[in-house]
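> Make a model of this:
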Amino acid sequence: MSINSLSALSPETWPFDGRMLPQPVYLVGGSVRDALLKRKSEYLDLDFIILNQAVSIARNIAKKYQAGFVVLDAERKIARVVFKGMTVDFAEIEGDSLEEDLWRRDFTINAIAYNPFTDELIDLFDALKDLQEGIIRMVKPGNLRDDPLRLLRAYRQAAQLGFVISPETQKTIGEFAPLLTQVAAERVQTELGYFLSHSDGMIWIEKAWKNGLLSDYFPAATENLEIGKKVEIVVKQLTKNWSNLEVELATGVRDTVKTSLLAIAKLAILVNPNPEKAEVELMRLKYSNAEIKSTIAVIKGLAKLSEIEISQMSVREQYFCFQEIGKNFPALAVVAVAKGISREEINCLIQRYINPDDPVAHP
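This next block holds a predicted model:
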């Protein structure tokens, strides 16, 4: 894999003068990995490691370019500078050397260092081979144990990159899986959000669940994991007669809540079908009231649709159904079909909903 692939990380592409950085300086992590894979993103994240004074250097750069600045970790001396279209993190080397720092990282593909001024590439773990073969491989077991969120990140990164997790790494994750509950719920929820927004996310949630991760958060998901994998297929099926469905499913629960209705649909499949128990599970993961309310509405709506013959619903019953589910109906429709309700049966409700002038769905 050619180092020329890293031209995307050239100092000429940075929103600040590279001469403000001391030498030596190294780029590490996802930006190096993605550049080697030639993965492009509209929003670029750069991670620099510097021998010392990382926070003060970041502060000076932010001040000169009137960019956003925040200290992410005062103890570990990590700071962030936020430019338009780019986030740049500066951290001091952990340990006494670059090599010691790289040995503390999670996976080999994230432990490649690159000096953008000398074109030197430091690959201690044969990570270039892992990139070429599409493998997520741990640097060492203790790194996963010390930060258990990395256990879940292995599956998230596999989903994002289309990689597989090495057998040895999978085994280690299974051994340390109970440690995930020690991680702050907000951090687990953030990782979960990546899965819920990814088209293959439910496939990887199932893999993680079967390896002991997430089963503590979603103990009743056993029977529904297969159903969850059908959601994206159902969306494509329903789009044939509901052209705006994907747009509506991408809409956030609220203007201030980014979680999409499609993510709500998947959550409704993962949590306990009992609304009260589902609420407890969602509260444990620190979901907002709006997210919980939407998920519970889908669960209750599904329970009602499962008890009746939809085609025989009276206009009055349809009216109250729409009143209760509100703008969460697209999520309900997708979950209902994934759960086995036929498209033909629910179509009468869909046709009402997609008509903005329908007096029953939109009084």
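
> Low-confidence bits of the stretch 101-250 of the chain, can you list those?
Filtered on pLDDT under 70, the stretch 101-250 of the chain yields no residues whatsoever.

> where do the strands sit along it?
Ranges of strands within the stretch 101-250 of the chain are 113-115, 120-122, 135-136, 164-165, based on DSSP state E, counting those that start in this stretch.

> give me every residue that touches E186.
Taking CB atoms under 8 Å, 6 or more residues apart in numbering, we find E186 in contact with K286. C-beta coordinates here come from the backbone N, C-alpha and C atoms, glycine included.

> What sits closest to M86 if chain neighbours are left out?
Closest residue in space to M86, ignoring its immediate chain neighbours: L44 at 4.7 Å, by CB to CB, 6 or more residues apart in numbering.

> quick one, what contacts that neighbour?
So L44 contacts S31, G85, M86, T87 (CB under 8 Å, 6+ apart).

> again, only using 7 Å
Residues in contact with L44 (CB atoms under 7 Å, 6 or more residues apart in numbering) are S31, G85, M86.

> give me the element V81 is part of.
Assigned by DSSP states H and E, V81 belongs to strand 78-83.

> Would you indicate which residues of the helix or strand just after that strand are buried?
Counting by DSSP H and E, the element after strand 78-83 in chain order, helix or strand, is strand 86-92. Judged by neighbour count using 16 or more other CB atoms under 10 Å, the buried positions of strand 86-92 are M86, V88, D89, F90, A91, E92.

> How about stretch 19-37?
For stretch 19-37, a neighbour-count test (16+ other CB under 10 Å) marks 21, 25-37 as buried.

> hmm, back to that, who touches the strand holding V81?
Identification of contacts with strand 78-83 by CB under 7 Å, 6+ apart yields 15, 54-55, 58-59, 61-62, 67-72, 87-91.

> taking the residues you listed one by one, which sit in helices?
For the contacts of strand 78-83, the ones inside helices are A54, V55, A58, R59, I61, A62, with DSSP state H as the criterion.

> and A278, what does it touch?
Contact analysis of A278 by CB under 7 Å, 6+ apart lists V271, N272, T295, I296, I299.

> The second one reaches L282, doesn't it?
It refers to N272. No: taking contacts as CB atoms under 7 Å, N272 lies outside contact range of L282: 9.7 Å.

> Of those two, which one has the most company?
Shown here are N272 and L282; by other CB atoms under 10 Å, L282 has more neighbours (24 against 18).

> and that one, what is it in contact with?
The neighbours of L282, taking CB under 7 Å, 6+ apart as the test, are V271, E291, I292, T295.

> okay, these in a markdown table with secondary structure, neighbour count and pLDDT next?
A markdown table is the format used below for the contacts of L282 (DSSP: H, G, I helix; E, B strand; the rest coil; neighbours: other CB atoms under 10 Å; pLDDT from 0 to 100):
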| residue | secondary structure | neighbour count | pLDDT |
| --- | --- | --- | --- |
| V271 | coil | 28 | 96 |
| E291 | helix | 22 | 96 |
| I292 | helix | 22 | 97 |
| T295 | helix | 29 | 97 |
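
> Quickly check these for the two that are furthest apart.
In the contacts of L282, two members sit farther apart than any others by CB to CB. They are V271 and E291, at 11.2 Å.

> Pop out the phi and psi values for the residue at the greatest distance from the centre of the chain.
Computed with CA atoms, centre = their mean, the residue of the chain farthest from its C-alpha average is S314, at 41.0 Å. Dihedral angles of S314 (phi, psi; degrees, to the nearest 10) stand at phi -70, psi 160.
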